[in-house]
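Student: dropping a prediction and its sequence here:
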Protein chains: 2
Amino acid sequence: MEKEKLTIVKIGGGLISDEHMLRNTLTHFAHIEGSKILVHGGGKKASSLQAALGIQPQMIDGRRITDKQSLEVVVMVYAGLINKQIVSILQSMQVDAIGLSGADGNSLVAHKREVKEIDYGFAGDIDDVNASFFQQLLNNKLIPVCCPVTHDQKGQLLNTNADTIAAAIGVAMASIYQVKLVYCFELPGVLKNVDDPGSVISRINRADYLIYQGNGIIQKGMLPKLDNAFYAIEHQVDQVYVTNPQNIFHPKNSTEICR
Amino acid sequence: MEKEKLTIVKIGGGLISDEHMLRNTLTHFAHIEGSKILVHGGGKKASSLQAALGIQPQMIDGRRITDKQSLEVVVMVYAGLINKQIVSILQSMQVDAIGLSGADGNSLVAHKREVKEIDYGFAGDIDDVNASFFQQLLNNKLIPVCCPVTHDQKGQLLNTNADTIAAAIGVAMASIYQVKLVYCFELPGVLKNVDDPGSVISRINRADYLIYQGNGIIQKGMLPKLDNAFYAIEHQVDQVYVTNPQNIFHPKNSTEICR
């Protein structure tokens, strides 16, 4: 018997920071048929709240260093403000959304990242996705909306990258569903020339990726996203795309990640 | 056939502000057998974040005036920080908790309070409790943890008093379950003498309540809580208590609200 289809969409910080763009993005998400899960980031808002509270955001290689105070901000902004804004907008579009941190329903279990050269603080590396919990929600026609907060089952919340969460959920659900994973951001796809939105690379496999990395065509900011995208396609996820919200339904204008 | 039992516990701001007291309170909640729902407030933390952000909290008769900026704080603190702290602590106690705002699963529908003498801003008065959604979660052995945030189904989040939410959920669930509603705060119950914790009024009906109000024995801060408690007991909720977490299992040391 063919597996049921599941679409997982990850939306990045740039699409969330502007309310008009967020509503537009969610309208596209609302039109996806069948079972679906939304994963969101939200970096900019957390930084601006930190600034308002006089906390200096610390980033290393695009990753937030999460001390105790920063974790509070992350939980407030990601699991609170952004997650509930998204859920309430989706509800107004007749999408029966339910917002989740990794603690809710024990959906995403992680451990605090070990301190090696860098102490990332309360950053969580995922150990387990509660696939049967997500399946239960989907069977009940609920649409999970996941924020980049996980927990360690010992009462500690942790900050986990949203791209990584989307890939981990995709891989975990792939044993039950035929999973399509779409990384949505402001651009139509991975570009050959960052100044030309028309230069979308339509298909990319790992060999191409290494070449593009080597000659500097694919740059730093895209690497964590693509690493997660390749991890997903190499671990039973059926289709992986990188694109903007308008092209969710038009894979021709997107970058397809290939095995 | 006898209805299944459901315990709804509301925990107030004073129990939440101190982490040790919160853990202690949740330990008592974790030991309640069978289906249960937790509703939490959290006023003090919201006020301190407002202060840190330079927003002056405005209260009239113990109710927060919720302008746009205050609503953001309320959503961040109640639906984010406090709700996820509670859920992660409960998960560490093997309670499969799931945190909810009223937007999640369309669980609590409200409308923005009409402006009469006072403009309460983004304060929500409850129109509907999604009892079948709560029942679905409970049937799946999940424990809902509700924060004092509702929504209007048009994309607007609203701030709603947690005592009122607990009563509304109790009344809505009473058609399906035999509901016990427990209002937990720092004191063992409603006191005849605020300076004597031993002066707990063990049973109170509406006639007594009016007398105690008339002679000033029951004072202002207790009135909204008791109004909600009487509303619940007069609308099919089976048992209603006002007490502290230690006495959840000892109704003799509590105040029982009577018809």
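Tutor: All right, it came through fine.
Student: and the helices in the stretch 151-259 of chain A?
Tutor: A:162-173, A:206-214, A:223-233 (DSSP state H, counting those that start in this stretch).
Student: any idea which of the ones you listed gets closest to chain B?
Tutor: helix A:162-173 (15.1 Å; Cβ to the nearest Cβ). Any C-beta I mention is one placed from the backbone N, CA and C, and that applies to glycine too.
Student: contact partners of the host helix or strand of residue A:16?
Tutor: Residue A:16 is part of helix A:13-17 when elements are defined by DSSP states H and E. With Cβ atoms under 8 Å, 6 or more residues apart in numbering or on different chains as the contact definition, helix A:13-17 has outside contacts at A:21-22, A:25, A:40-45, A:82, A:86, A:184-186, A:245.
Student: pick out the lowest-pLDDT one from those residues.
Tutor: Of all the contacts of helix A:13-17, residue A:43 carries the smallest pLDDT score, 64.
Student: residue in the stretch 1-150 of chain A nearest to chain B?
Tutor: Closest point on the stretch 1-150 of chain A to chain B, by Cβ to the nearest Cβ, is residue A:80, at 2.1 Å.
Student: wouldn't that residue be in contact with residue B:74 here?
Tutor: No: look at residue A:80 against residue B:74 with Cβ atoms under 8 Å: they stay out of range, at 9.1 Å.
Student: can you confirm residue A:72 is in a strand?
Tutor: No: judged by DSSP: H, G, I helix; E, B strand; the rest coil, residue A:72 forms no part of a strand; its state is helix.
Student: pLDDT score assigned to the residue lying closest to residue A:143 once chain neighbours are set aside?
Tutor: The shortest distance from residue A:143 to any non-neighbouring residue, by Cβ to Cβ, 6 or more residues apart in numbering or on different chains, is to residue A:97 (4.7 Å). We note a pLDDT of 98 for residue A:97 in this prediction.
Student: thought residue A:97 was touching residue A:38?
Tutor: Yes: using Cβ under 8 Å, residue A:97 is in contact with residue A:38, at 7.4 Å.
Student: need the overlap of contacts for those two.
Tutor: With Cβ under 8 Å, 6+ apart, residue A:97 and residue A:38 have common neighbours A:86, A:90, A:143-145.
Student: output the helix holding residue A:16 as CSV, restricted to C-alpha atoms.
Tutor: Extracted C-alpha coordinates of helix A:13-17, given in CSV (Å, rounded to 0.1, in the frame of the first residue of the first chain):
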residue,chain,number,x,y,z
GLY,A,13,13.4,34.3,9.9
GLY,A,14,13.1,36.7,6.9
LEU,A,15,9.6,35.6,6.1
ILE,A,16,8.5,36.0,9.8
SER,A,17,9.9,39.4,10.6
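Student: so is the closest residue to the residue of the stretch 1-150 of chain A closest to chain B other than its chain neighbours in a helix, a strand, or just coil?
Tutor: Leaving aside its chain neighbours, residue A:80 sits nearest to residue B:80 (2.1 Å; criterion: Cβ to Cβ, 6+ apart). The three-state assignment at residue B:80 reads helix, by three-state DSSP.
Student: give me the element residue A:50 is part of.
Tutor: Residue A:50 belongs to helix A:43-52, assigned by DSSP H and E.
Student: contacts for that helix?
Tutor: By Cβ under 8 Å, 6+ apart, helix A:43-52 touches A:13-14, A:16-17, A:56-57, A:64, A:70, A:73-74, A:76-78, A:81-82, B:53, B:76.
Student: swap the cut-off to 10 Å and go again
Tutor: Helix A:43-52 is touched from outside by A:12-14, A:16-18, A:55-59, A:62, A:64, A:66, A:69-70, A:72-78, A:81-82, A:85, A:148, A:159, A:161-162, B:49, B:52-54, B:72, B:76, with contacts defined as Cβ atoms under 10 Å, 6 or more residues apart in numbering or on different chains.
Student: now do stretch A:55-65
Tutor: Identification of contacts with stretch A:55-65 by Cβ under 10 Å, 6+ apart yields A:43, A:46-51, A:66-67, A:69-74, A:113, A:117-123, A:148, A:159, A:161, A:220-221, A:223-224.
Student: count the residues that sit near residue A:6.
Tutor: For residue A:6, the count of nearby residues is 24 (other Cβ atoms under 10 Å in any protein chain shown).
Student: in three-state terms, label it for me.
Tutor: Three-state assignment for residue A:6 (three-state DSSP): strand.
Student: so it touches residue A:174, yeah?
Tutor: Yes: taking contacts as Cβ atoms under 10 Å, residue A:6 lies within contact range of residue A:174: 8.7 Å.
Student: for these two, list the residues in contact with both.
Tutor: A:181, A:237-238.
Student: ok so, going back, next secondary structure after the helix holding residue A:50?
Tutor: As assigned by DSSP H and E, the chain's next helix or strand after helix A:43-52 is strand A:59-60.
Student: tell me the strands beside that next one, with direction?
Tutor: strand A:63-64 (antiparallel) (DSSP bridges).
Student: model confidence over the partner strand, on average?
Tutor: 68.
Student: can you check stretch A:121-133 too?
Tutor: 97.
Student: let's see that stretch as PDB, backbone CA atoms only.
Tutor: Extracted C-alpha coordinates of stretch A:121-133, given in PDB (Å, rounded to 0.1, in the frame of the first residue of the first chain):
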ATOM      1  CA  GLY A 121      25.100  27.200  26.300                       C
ATOM      2  CA  PHE A 122      21.500  25.900  26.200                       C
ATOM      3  CA  ALA A 123      21.700  24.600  22.600                       C
ATOM      4  CA  GLY A 124      20.000  21.300  22.100                       C
ATOM      5  CA  ASP A 125      21.100  18.500  19.700                       C
ATOM      6  CA  ILE A 126      18.100  16.300  18.800                       C
ATOM      7  CA  ASP A 127      18.000  12.700  20.100                       C
ATOM      8  CA  ASP A 128      14.500  11.700  19.300                       C
ATOM      9  CA  VAL A 129      11.400  12.800  17.400                       C
ATOM     10  CA  ASN A 130       8.100  11.500  18.800                       C
ATOM     11  CA  ALA A 131       6.700  10.400  15.400                       C
ATOM     12  CA  SER A 132       3.700   8.600  16.900                       C
ATOM     13  CA  PHE A 133       2.600  11.900  18.600                       C
END
